[in-house]
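S.K.: Sharing a model prediction with you, sequence too.
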Amino acid sequence: MKVHFIAIGGSAMHNLAIALHLKGDEVSGSDDAIFEPSKSRLAQYGLLPKKTGWFPDKLDSSIDAIILGMHAKPENPELLTAQDLGLTIYSYPEYIYHQSKNKTRVVIGGSHGKTTITAMILHVLHFHNKEIDFMVGAQLDGFDVMVQLSDHNDFILLEGDEYLSSPIDHRPKFHWYRPNVALISGIAWDHINVFPTFESYLEQFKIFIDTIVAGGSLIYNSEDEVLSTLVEQSENPIRKLPYRTSSYTIENGQTFLETSEGLMPIELFGAHNLSNLAGAKWICQQMGVDEDDFYEAVSSFKGASKRLERLAFTTNGVIFKDFAHAPSKVTATTIAVRNQFPDHHFITCLELHTFSSLNPNFINEYRGSLDSADQAVVFYTPNAVALKGLDPLNKMQIAKAFQRDDLIIFTNPDALSNYFNNLTQKPLALLMMSSGNYGGLDLSALKKII
């Protein structure tokens, strides 16, 4: 196959490009900006475009498939040329489905936890030398790529994102996959720029449930009342298998999972992660891993990249960074750190960076999300608000939304850095939550404060 990527530099796109290259396809691509780590990883495999930009003359009738990334625009010159030439154009998820039509498709969906659950399942299968195809949204220890496609594996494990498929295909990605086995971890309103109401967001999960192949299985978090109602209302002839958070205890900052063999120490912590673990166990059992083998493997799972990643740990404190940005994720992550380190002075710092989080019509969803911390800090930049074309936010709006009188708000990374450098509380637990970079703040420099 001869495949060309329009917007090859994206996180998912460059991994798919590498996967197809390793599979033996002839791969080319273009992009107007490619950042790390995509740039180095594409270069490693000889796939980095010689020049940035769009070059319609790269395209001709010999190309078997065009894969279109979300970063491209509908008027992209390469896309227009592909359309004029009558080339076959796929979105990323459409091509994944095209490559896996004859496999057993296992899809992990949900507003939160899907990357961690997918990563956990892959860790367990890798531990037991069970090879499958996969697509996951985070870099994992022991894996060179985030996408693997083959002609011989029976299973493919997919992280099912509810965001749009491409600039010209506005269906959510997970509507493409038609799973034989699916998991939904929970539903909490997100992506307000695409789904302006909770009802429109909820509808996407209803459709997803209906796309599960007849006779297939849906594993779902029964502790989520909205999700449970949605599953009960579905008339799709599938097996419906509920799960609940695994039982656990915490002693001196260490989480122990309760198993039939007794208490087992695990690297993960937080009720949301123990819920993720329970879902992952169900999926692994569907894929031929029994409970004892699952526990043996999962005890060494340290988490997906950017999910409660520990930056520093000393007798004076601990620092975590986390990708959390949606209200439900922020709440769960904050509670997890509070419960794990009850005797520490706990400070949490959230960057408002996404379209939803900076939107005055959505920000009230964050009410109470930081209440578990002793001190709560919010950072945002007016420039980020302007770049997203939103109405300006002010500190009074943010304080009112979070409903926390002692909330500290920064808009300048230097001022935020000075705040951290002047902290004196010991032992300290610091949680940094963002899908951005705090205006360029050097997170590695935070280590010196403990």
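M.R.: Here it is on my side, so go on.
S.K.: Check which helices and strands the worst-scoring helix or strand of the chain on mean pLDDT is in contact with.
M.R.: In the chain, no helix or strand scores lower on mean pLDDT, DSSP states H and E than helix 382-387, which sits at a mean of 87. On a contact count with 3 or more Cβ pairs under 8 Å, 6 or more residues apart in numbering; DSSP states H and E, helix 382-387 meets no helix or strand. All C-beta spots, glycine's among them, are computed from the backbone N, C-alpha and C.
S.K.: Let me see the mean pLDDT of the next helix or strand after that helix.
M.R.: Per DSSP states H and E, the first helix or strand lying C-terminal to helix 382-387 is helix 395-402. Averaged across helix 395-402, pLDDT comes to 92.
S.K.: can you list contacts of helix 395-402?
M.R.: 352, 360, 363-364, 366-370, 376, 378, 380, 405, 407, 409 (Cβ atoms under 8 Å, 6 or more residues apart in numbering).
S.K.: again, 10 Å this time
M.R.: 350, 352, 358, 360, 362-371, 376, 378, 380, 391, 393-394, 404-411 (Cβ atoms under 10 Å, 6 or more residues apart in numbering).
S.K.: Report the buried residues of the least confident helix or strand of the chain.
M.R.: Ala384, Val385 (16 or more other Cβ atoms under 10 Å).
S.K.: Pull that helix out as PDB, backbone CA atoms only.
M.R.: Extracted in PDB, the C-alpha atoms of helix 382-387 (Å, rounded to 0.1, in the frame of the first residue of the first chain):
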ATOM      1  CA  PRO A 382      -5.500  35.800  28.600                       C
ATOM      2  CA  ASN A 383      -3.600  35.000  25.400                       C
ATOM      3  CA  ALA A 384      -4.900  31.400  25.500                       C
ATOM      4  CA  VAL A 385      -8.500  32.800  25.800                       C
ATOM      5  CA  ALA A 386      -7.900  35.200  22.800                       C
ATOM      6  CA  LEU A 387      -6.400  32.400  20.600                       C
END
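S.K.: From the contacts of helix 395-402, list the buried ones, please.
M.R.: Here, 16+ other Cβ under 10 Å leaves 350, 352, 358, 362-363, 365-366, 369-370, 376, 378, 380, 393, 404, 407-411 buried among those.
S.K.: any idea of the mean pLDDT for the lengthiest helix in the chain?
M.R.: Counting by DSSP state H, the longest helix found in the chain is helix 271-286. In this model, helix 271-286 carries a mean pLDDT of 95.
S.K.: Repeat that for stretch 89-108.
M.R.: Per-residue scores along stretch 89-108 average to 96.
S.K.: repeat for stretch 198-217
M.R.: 97.
S.K.: which parts of that stretch are buried?
M.R.: For stretch 198-217, by 16+ other Cβ under 10 Å, it's Tyr201, Leu202, Gln204, Phe205, Phe208, Ile209, Thr211, Ile212, Val213, Gly216, Ser217.
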